[in-house]
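Asker: Here you go, sequence then predicted model.
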Amino acid sequence: MRALCRAVPVVLLLLSLALLLAPRSARTVPLYAARTGLQCESCHFDPNGGGPRNEFGFGFAKNRHSLAPDDSTSAWKDLTLTNRVGDNMPVYFGVNQRFMLFSDEHAGLTYPERLAFFNMETELHIAFQPHDLLTLVYTLDGFAQGPDNIVRSKEAFGMIGSGPLGGYLKVGRFRTPFGLRLDDHTVATRNGFGDTGTGGPFLPYDPRKPDMGVELGGGYKGWFGRAALTNGTASYVSTDPFSNAATFKLGYNTTYYQGGVSFYQQGGTGSYRRSSRWGYYGMTHYRDLVLLGEVAAGNDIDATSGGTKSLLAGFAEVDYAPRRWMNVRVRVDRAELDRGAGPTIDDENTYNRYALEGEFVPVPFAELRWAARYIDAKDPLQPDDRQGFLQFHFSY
């Protein structure tokens, strides 16, 4: 693993000389990207999506997730707002708050085990772009977490370049670029269903949290790629002071399709000597329909016995948006978190999830989300799980 990680900086250095000078393109496809045929950097400063929006992305949100302005009958058709402070102060401001009522009930019970409000996140975004080839992004979690009640920094990176299709070099704290940056961290190929005691995570890291390191990206004629070297579980003050996580992604984008393959390897993940993950995602759209899915596999090597634990996960969803302010989703997830260890253990670690979900955008920058989910445990001794939530999402 260390030999691989030592090779990554050399590759990054060689590629950066070419990619930072590569020609830029206006071509840009999770859900909104698939629907429009654009890539994530069309709306976000981060080439992998998420975080503060640029001016184009702000307009997309103002139009309630549409490329076209609201029609002449809309109450906010003349809404004149911007997220940019000014021409001589190119600072972009944004917020992202998710407040939820969540319910969870295992089969056999006549009452919910959980029914409560909680604040998922209250993020404050600031992006500073003095010119097209330099971007600084900072995200704070404005909701105090933990017993110390300290506001914590999330993303904090500088980027030289202009996104994957023009070439960029990113350094600092950022989300690992494995697969898609999804809104829902509970899908099978991410943290899975483990938040409520059903199953466990697929990835060997929390996809909601940033890692620290360097990332290089670039693209040419629809092709795009990323390579990142990050700390993983290591730290310069830990017993293993060597960066031990490497991520690679290669994808292709057209107006109607985007697909990509990813590889992630990390050493020293707790009781495991090495964890590896690889996967493929794809997305396409036809009129008001979007099809989005991902399949991924991996293995963890036990640090003591040397035995290997194999994992397989995937999801597929269909989204239907008859109006700019409405979306309905059907999603199926499957997680096999310990394959090949025998029928009993296989069954104890295999789950299917079936979900009916939707979003309603009554006014710009405010969204009501809802979901009804059923988790089917393959092991007959494990009770199935029924979940539902209402989420208020405010973003600017």
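Answerer: The structure has been received and is ready for your questions. Numbering: from 1, shown residues only.

Asker: State the number of residues packed around Asp132.
Answerer: Residues lying near Asp132 (other Cβ atoms under 10 Å) number 11. The C-beta positions use only the backbone N, C-alpha and C, and glycine is treated the same way.

Asker: got it, and Pro364?
Answerer: 19.

Asker: do the same with Arg323
Answerer: 11.

Asker: Same question for the one 5 residues further on.
Answerer: Neighbourhood size, Val328 [other Cβ under 10 Å]: 14.

Asker: same question, Lys77
Answerer: Neighbours of Lys77 (other Cβ under 10 Å): 11.

Asker: Would you list the phi and psi of it?
Answerer: phi -60, psi -30 (degrees, to the nearest 10).

Asker: what about the spatially closest residue to it that is not a sequence neighbour, which SS state?
Answerer: Spatial nearest neighbour of Lys77, excluding adjacent residues (Cβ to Cβ, 6 or more residues apart in numbering): Asp70 at 4.9 Å. With DSSP: H, G, I helix; E, B strand; the rest coil as the basis, Asp70 sits in coil.

Asker: Quick check: pLDDT value at Asp70.
Answerer: pLDDT, Asp70: 73.

Asker: Can you tell me how far it is from Cys43?
Answerer: 18 Å (Cβ to Cβ, to the nearest Å).

Asker: Looking at the two now, which is surrounded by more residues?
Answerer: For Asp70 and Cys43, the more surrounded residue by other Cβ under 10 Å is Cys43, and the numbers stand at 23 against 18.

Asker: any low-confidence regions in the stretch 201-350 of the chain?
Answerer: Along the stretch 201-350 of the chain, segments meeting pLDDT under 70 span 237-241, 268-272, 303.

Asker: Helices of that one, residue ranges please.
Answerer: 343-348 (DSSP state H, counting those that start in this stretch).

Asker: How about the stretch 1-150 of the chain?
Answerer: Going by DSSP H, counting those that start in this stretch, the stretch 1-150 of the chain shows helices at 2-19, 31-36, 55-62.

Asker: Can you flag the weakest of those helices by average pLDDT?
Answerer: The bottom spot among these, by mean pLDDT, belongs to helix 2-19, with a mean of 45.

Asker: so how far is Phe99 from the closest residue to His106 other than its chain neighbours?
Answerer: Distances taken as Cβ to Cβ, 6+ apart place Pro383 nearest to His106, at 4.2 Å, with adjacent residues excluded. Distance of Pro383 to Phe99, given as Cβ to Cβ: 29 Å.

Asker: do the same with Glu336
Answerer: For Glu336, the distance to Phe99 - Cβ to Cβ - is 33 Å.

Asker: swap in Ala316?
Answerer: 29 Å.

Asker: cool, and Gly217?
Answerer: Gly217 sits 33 Å away from Phe99, going by Cβ to Cβ.

Asker: higher neighbour count, these two?
Answerer: Shown here are Gly217 and Phe99; by other Cβ under 10 Å, Gly217 has more neighbours (27 against 16).

Asker: Quickly list what the more buried one is bridged to.
Answerer: For Gly217, the beta-bridge partners are Tyr168, Arg226 (DSSP bridges).

Asker: Quick check: the gap between the closest residue to Gly50 other than its chain neighbours and Glu155.
Answerer: Spatial nearest neighbour of Gly50, excluding adjacent residues (Cβ to Cβ, 6+ apart): Arg181 at 4.9 Å. Using Cβ to Cβ, one gets 11 Å for the distance from Arg181 to Glu155.

Asker: Need the overlap of contacts for the two.
Answerer: Common contacts of Arg181 and Glu155 (Cβ atoms under 8 Å, 6 or more residues apart in numbering): Arg175.

Asker: and the direction of the lengthiest strand in the chain versus that of helix 55-62, what angle?
Answerer: When the chain is scanned for its longest strand (criterion: DSSP state E), the result is strand 114-131. Counting by axes from the mean of the first three to the mean of the last three Cα atoms, to 10 degrees, strand 114-131 lies at 150 degrees to helix 55-62.

Asker: What residues of strand 114-131 count as buried?
Answerer: 120-129 (16 or more other Cβ atoms under 10 Å).

Asker: mean confidence for stretch 363-372?
Answerer: Rounded mean pLDDT across stretch 363-372 is 94.

Asker: before we move on, what about stretch 384-392?
Answerer: Mean predicted confidence for stretch 384-392 is 93.

Asker: middle-most residue in this structure, spatially?
Answerer: Arg181 (2.1 Å; Cα atoms, centre = their mean).

Asker: Surely it is in a strand?
Answerer: No - assigned with three-state DSSP, Arg181 falls outside any strand and is coil.

Asker: separation between it and Thr233?
Answerer: Taking Cβ to Cβ, one finds Arg181 at 21 Å from Thr233.

Asker: Ok, Ile301 next?
Answerer: With Cβ to Cβ as the criterion, Ile301 and Thr233 are 14 Å apart.

Asker: the strands in the stretch 51-200 of the chain, which residues?
Answerer: If DSSP state E, counting those that start in this stretch is used as the criterion, the strands of the stretch 51-200 of the chain fall at 91-106, 114-131, 134-145, 150-161, 168-174.

Asker: mind checking the end-to-end distance for stretch 204-212?
Answerer: 16 Å (Cα to Cα, to the nearest Å).

Asker: tell me which residues in it are buried?
Answerer: Per 16+ other Cβ under 10 Å, stretch 204-212 contains these buried residues: 204-205, 207, 210-212.

Asker: what's the closest of the residues you listed to Gly51?
Answerer: Lowest distance from Gly51 to those (Cβ to Cβ) belongs to Pro210, with 10.1 Å.
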